[in-house]
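In: curious how this folds, go ahead:
(4 chains)
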There are 4 protein chains.
Amino acid sequence: MAQALLPPPYSKNSPADNKKREVSFMNTSKIIRLGLIGAGRMGSFHGLTAARHIPGACLAAIADPTPGQAARLAAQLGVERVYTDPQQLLDDPEIDCVLIAAPARSHAELVISAARAGKSVFCEKPMAITLDEADRAIAAAADARVTLQVGFNRRFAKSFRTAHLDVVAGRIGTPQLLRSLTRDPALNNPANSPQWVIFLETLIHDFDTLRYLNPGAEVVEVFVMADALIAPEFKDKGFLDTAMVTLRFDNGALATAEANFQAVYGYDVRGEVFGSAGMLTMGAVNDSDLVRYLADGIQADTQRLDTDLLRDAYVAELNHFVECLRSGAKPLASGEDARAALAIARACIESFQQGRPVRLQGGRP
Amino acid sequence: MAQALLPPPYSKNSPADNKKREVSFMNTSKIIRLGLIGAGRMGSFHGLTAARHIPGACLAAIADPTPGQAARLAAQLGVERVYTDPQQLLDDPEIDCVLIAAPARSHAELVISAARAGKSVFCEKPMAITLDEADRAIAAAADARVTLQVGFNRRFAKSFRTAHLDVVAGRIGTPQLLRSLTRDPALNNPANSPQWVIFLETLIHDFDTLRYLNPGAEVVEVFVMADALIAPEFKDKGFLDTAMVTLRFDNGALATAEANFQAVYGYDVRGEVFGSAGMLTMGAVNDSDLVRYLADGIQADTQRLDTDLLRDAYVAELNHFVECLRSGAKPLASGEDARAALAIARACIESFQQGRPVRLQGGRP
Amino acid sequence: MAQALLPPPYSKNSPADNKKREVSFMNTSKIIRLGLIGAGRMGSFHGLTAARHIPGACLAAIADPTPGQAARLAAQLGVERVYTDPQQLLDDPEIDCVLIAAPARSHAELVISAARAGKSVFCEKPMAITLDEADRAIAAAADARVTLQVGFNRRFAKSFRTAHLDVVAGRIGTPQLLRSLTRDPALNNPANSPQWVIFLETLIHDFDTLRYLNPGAEVVEVFVMADALIAPEFKDKGFLDTAMVTLRFDNGALATAEANFQAVYGYDVRGEVFGSAGMLTMGAVNDSDLVRYLADGIQADTQRLDTDLLRDAYVAELNHFVECLRSGAKPLASGEDARAALAIARACIESFQQGRPVRLQGGRP
Amino acid sequence: MAQALLPPPYSKNSPADNKKREVSFMNTSKIIRLGLIGAGRMGSFHGLTAARHIPGACLAAIADPTPGQAARLAAQLGVERVYTDPQQLLDDPEIDCVLIAAPARSHAELVISAARAGKSVFCEKPMAITLDEADRAIAAAADARVTLQVGFNRRFAKSFRTAHLDVVAGRIGTPQLLRSLTRDPALNNPANSPQWVIFLETLIHDFDTLRYLNPGAEVVEVFVMADALIAPEFKDKGFLDTAMVTLRFDNGALATAEANFQAVYGYDVRGEVFGSAGMLTMGAVNDSDLVRYLADGIQADTQRLDTDLLRDAYVAELNHFVECLRSGAKPLASGEDARAALAIARACIESFQQGRPVRLQGGRP
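Out: From the prediction side, this is the model:
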């Protein structure tokens, strides 16, 4: 049976493209049946994307241990197979592969279980909390010869993706200075926050982005300044809400990664890479191309949520996962990428605890 | 059975929105089965959208008189019901409503036939070529009590939509000067072009946009300057590729609508409305938020195709059609809107032929 | 004695320019002594510019018939020679040339008198109110072999100047669609307004700008829609505050010129030229490159006054005048340019009065 | 005698400003006579500014020990008093105050000598190389009761100035994250470069800017990563061309300062301050508001030189100096500001040498 694809999103900008092109399609022999583990906010969003916007795939099962949570989402999305135990979903022979959107602490074990069950895995970031976990997850996927992709969605945002390709093509020469930042729109309850969440769950995106914008190079040193500036009352509980990380790569490039949990103007994700032959900047918070000119000046609306700002990237990463399943190609955001970003995050924790720069060698702090 | 919707795209920009919101869903009792008439470039694009991106709806049939065309698209999209005669599709009791993407000359008759068959209609613009046709189409839909929506996609582009709501809310006072323009990226073969295509098929978008940005007001006078500047060899065959239209509204506002068939930098759609309390501008041709800073200056890529530039609007207009079917609401782009824009286009043809301004009264030149 | 110049403002954007260049100077043998006629708002501004910011020139005399007005400005600027009768200034042998910033109705006679007195002239726009006046002013300057420059300041704004040079260099191919607009920030008292001020004093800028952006081509047809939308109570006195003009050039290009007298966000001057090989846009109302991201969205300040928005252009046009005096070159904004723009303005008045398009032939409506 | 001033450049953006305002003037009793010490690139630029663009002041003398250098500039600017020994200029009773644009190593001693001679001083940054020198210079100016201003020009760039005022007004709440960067367009000969030039002469701007954008707070900790990436062959001579500095302020705010000596797209100066109630961004490298839309995308020119990018700021800082001389007000960029920025730079040198974070206490590393 045939399936349809939207035109490729990363087309070159050449005059020849001006000719109106035909809508293109991909012939495929079989619908891929996805199972979702985790039906919270992010899981619901991935489930909706999987159910509705991925040609050649469908959402076929949902598992969540919270009573009623999987059933409610399944009803909304028209999914028939519902489980409370993720292992049941992994054992279901009707399911081809899984999307893991459970709490971060459980990711690595779920990846390993899925691999053992012969299921390919799309795992939300972070793939693991410790480097040992990460190594075991990668090994499990390799042993089972299943595909393993991690939810580093900025690799699939058009501007970041094009920037990466520009750097690879040498368009800005050798990277010398980089920047990546993440600012969440509103602080979630710090009391519920996992330990080191700013490094392991937020800045992990930026560490990956910096590697993506400096392809082939690896981080060899980090230094962290971090604090609880939004919610200082949680600082003695170990909660950090603001961080500035300096990084050195093995090709000499210097970088910063920056995070804050409360940007009143909305979700803010930006990148910059400066090289010997030019600079690329990515990221805009505008809600649309509407601009207002009023008596008190110029005004425009902003995007508020990650799922608005990066909506196309969320669709593109799942499409990529399905394409990799069909083609056997290794995903652009692999288990090894997850491990490399985690190693940086772990070095950051050490730098913060010791108040000094920390070197990474052979992928370990 | 339950169906899912993406979060509403036109959310207000208020601080309260910063709180991460839950993915929202719409409960519906029945999948709406769409039939597509016309499997050319635009029909294929609408078919793909209908088949893949409209929650609560599916593409269930395709009709196209060109041999093999409907079958080919149907195979690609996994659609089982294929017809060469559109009437067969209209007679198919399994089909709930139709998308008309056939050549413009046939639109009105297809709307009438669909209405008589009891099918609601989403009709690509222009809904009709003559005002009499338009009147008959509107009457047929009213008689049959079916929903009739026209493909004025800019009403569903986020920036144009928000601008319209801003004007309605009085944010820029009374509109005084407006502008709407359409520039296609590349000239199609003028030899195959229908008569007056620049007014009836291109500027019809801008006439509707101007009405949308000056809500409640109607055009009372138009004046046209137009020419064949890209392909002057076709001018004596009556082909125009460049036009500048001046319009006067009954609330005093003055406007221009501008079209050209060959913008080397890509598809260009922009709007501007200036009022007693401010100005709104819409439209950007950037491909993404990537900006390059190179030795010869600043550089960015552009979007090339209408289906790229307005992709979200194409999805939103079909979603709106399905929502109107369910709710019984009148579509935001109605048959009457189509007729009003057509009346302006017909007045433009008269102005061009006579070389003088033409007044419209009671919706007729 | 030696005089200093700022580096040329319209430098090419080539990598070689990155090398820090030396400050450049121009050797000149004599300070040029300027006389100012008219010490109102615009005269004061030009006087300040002449007194302070034009290397190789000084402001040496001021004339104004309003009692005390010349003396007050002279005291502020440290100018010793003060006259109430402009002819006295013209007869003063210490004065090399004159800046005319008197009311528009008197411009042409002052140009003629200055030329007869052997003084070169920088005249604020419009140079004349009627074509006969314009012809006589041009002839007087030619007969006296004096330099005559008109205050079309946008020709000296960096973005408009670079756009002109781009078009001349063929960078956007043949112009096909153009736009120029002027929006004043606040309505002056319409009761004091000269007749047809919107065409003769405001849009005259846009008519010149359109000619500047379509070099070598001349306007052959105009059509006007205009109204009193800001102050409708003055409409029956012949006062217009809003206008939309459509123009056709002899190279086929179509254009609009647009004016309004009350833009609440500040002075707004923009241009656009679209050609067979690309488009150029000019004009931004931002006060600086500061951008604010706040809880209710993105915000920036705007420029409010013509003398802020175009400050550098006002300096550059006077510098150009002084350079032309030294070099004998014909100014970039000549008497003939003033006459051509005036012919368009006169045709607009006729179009407005008759409600029909008006053709221009041989430089006359 | 009366002198004229341009309208204040930092006007508030209020609707009332739309009314065209009168050109304003300042009455002054005496022209201030400036003496310039140092006639190299920067000295020539300051000399030109002083000679031409500062109402109420004139350039009256130039001193430079390089044979012929002072005389050449004096001839170009029409200055009569020329010295090779700066002390002669300081002893000249005709000179009211001095502009120091000599090599950085000599700044502090020249400030001290000028103060002892009773001359007020505008000194290019850095005011001193060591903290002891800085303390002595500040004390000398205080003892002599002369005005002392330092060339931190970004404090006078409109966007940075408005940002500072916004922060003071609480418009973005408490600063939490800041960024300031300087990228020079082209590497000067590293062989001639003073030691630690990247910290003492380049980043000193950014250290001051960060203090300016976080008013009232002081830096308490710095950490440096720096390298020779453009000219690695000079690294063993102690030359650094790329640096990333992380800073912590005593109000908790975290910041980065970033420098690089070769930006192929031109001089690049930007700032960002993110606070609990919003964010401000400053800096744009565009040469003008011209934008090109061409077959290969969007294109714009960039500014190449500091004296182009910050031209208005250079004029404004000298105007401010002259205003402070008249009013007796303390300059916005004081000797104490210079010392505070120098203390950060010295701490950076220590951090680089020791490879660890360095704390500042009581204004010393």
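
In: what are the boundaries of the helices in the stretch 1-150 of chain A?
Out: Under the criterion DSSP state H, counting those that start in this stretch, the stretch 1-150 of chain A contains helices at A:41-52, A:69-77, A:86-91, A:107-116, A:131-144.

In: out of those helices, the one nearest residue D:167 is which?
Out: helix A:41-52 (34.4 Å; Cβ to Cβ). Any C-beta I mention is one placed from the backbone N, CA and C, and that applies to glycine too.

In: give me the buried positions along that closest one.
Out: Going by neighbour count (16 or more other Cβ atoms under 10 Å in any protein chain shown), the buried part of helix A:41-52 is A:42, A:43, A:44, A:45, A:46, A:47, A:48, A:49, A:50, A:51, A:52.

In: returning to what we had before: which among the helices of the stretch 1-150 of chain A is found nearest to residue A:35?
Out: With Cβ to Cβ, the closest approach to residue A:35 among the helices of the stretch 1-150 of chain A belongs to helix A:86-91: 4.7 Å.

In: other SSEs contacting the closest one?
Out: Based on contacts counted as 3 or more Cβ pairs under 8 Å, 6 or more residues apart in numbering or on different chains; DSSP states H and E, the elements that helix A:86-91 packs against are strand A:32-37, strand A:57-63, helix A:107-116.

In: for the most centrally placed residue in chain A, what are its contacts?
Out: Among the residues of chain A, the one closest to the centroid is residue A:152, at 2.2 Å (Cα atoms, centre = their mean). If you count contacts by Cβ atoms under 8 Å, 6 or more residues apart in numbering or on different chains, residue A:152 has them with A:125, A:205, A:208, A:209, A:212, A:317, A:333, A:337, A:338, A:341.

In: hmm, the helix or strand harbouring the fifth one touching chain D?
Out: For residue A:212, the host element (DSSP states H and E) is helix A:203-213. No: using Cβ under 8 Å from any Cβ of the partner chain, helix A:203-213 stays clear of chain D, coming no nearer than 12.3 Å.

In: just list what that helix packs against, helices and strands only.
Out: Packing partners of helix A:203-213 (3+ Cβ pairs under 8 Å, 6+ apart): helix A:158-168, strand A:175-183, strand A:219-227, strand A:242-249, strand A:254-260, strand A:268-275, helix A:335-354.

In: how about the third one: buried residues?
Out: Right, the one you point to is strand A:219-227. A:219, A:221, A:222, A:223, A:224, A:225, A:226, A:227.

In: is it true that the last one touches residue A:244?
Out: I take that to be residue A:227. No: applying Cβ atoms under 8 Å, one finds residue A:227 not in contact with residue A:244, separated by 9.1 Å.

In: who touches stretch A:75-90?
Out: Defining contact as Cβ under 8 Å, 6+ apart, one finds that stretch A:75-90 is touched by A:35, A:37, A:47-48, A:51, A:59-65, A:67, A:70-71, A:73-74, A:92, A:94-95, A:98, A:102, A:110, A:113-114, A:117, A:119, B:1-4, B:25, B:27.

In: show me which of those are buried.
Out: A:35, A:37, A:47-48, A:51, A:59-64, A:70-71, A:73-74, A:92, A:95, A:98, A:102, A:110, A:113-114, A:117, A:119, B:2-4, B:25.

In: how far away is the residue lying farthest from the centre of chain A from residue C:266?
Out: Within chain A, residue A:295 marks the point farthest from the mean C-alpha position, 40.8 Å out by Cα atoms, centre = their mean. According to Cβ to Cβ, to the nearest Å, residue A:295 stands 9 Å off from residue C:266.

In: swap in residue A:111?
Out: In terms of Cβ to Cβ, residue A:111 sits 57 Å off from residue C:266.

In: coming back round to it: and the two most separated of the buried residues of helix A:41-52?
Out: Within those, two members stand farthest from each other by Cβ to Cβ: A:42 and A:52, at 16.0 Å.

In: from the chain's centre, how far out does the helix or strand that residue A:317 is a member of sit?
Out: Using DSSP H and E, residue A:317 sits within helix A:311-327. The chain centre lies 12 Å from the centre of helix A:311-327; the measure is Cα atoms, centre = their mean, to the nearest Å.

In: repeat for stretch A:208-218
Out: With Cα atoms, centre = their mean as the basis, stretch A:208-218 stands 14 Å off its chain's centre.

In: buried residues, that stretch. List them.
Out: For stretch A:208-218, a neighbour-count test (16+ other Cβ under 10 Å) marks A:208, A:209, A:210, A:211, A:212, A:213, A:214, A:217 as buried.

In: between those residues, which is closest to residue D:146?
Out: Looking across these and measuring by Cβ to Cβ, the closest to residue D:146 is residue A:210, at 49.2 Å.
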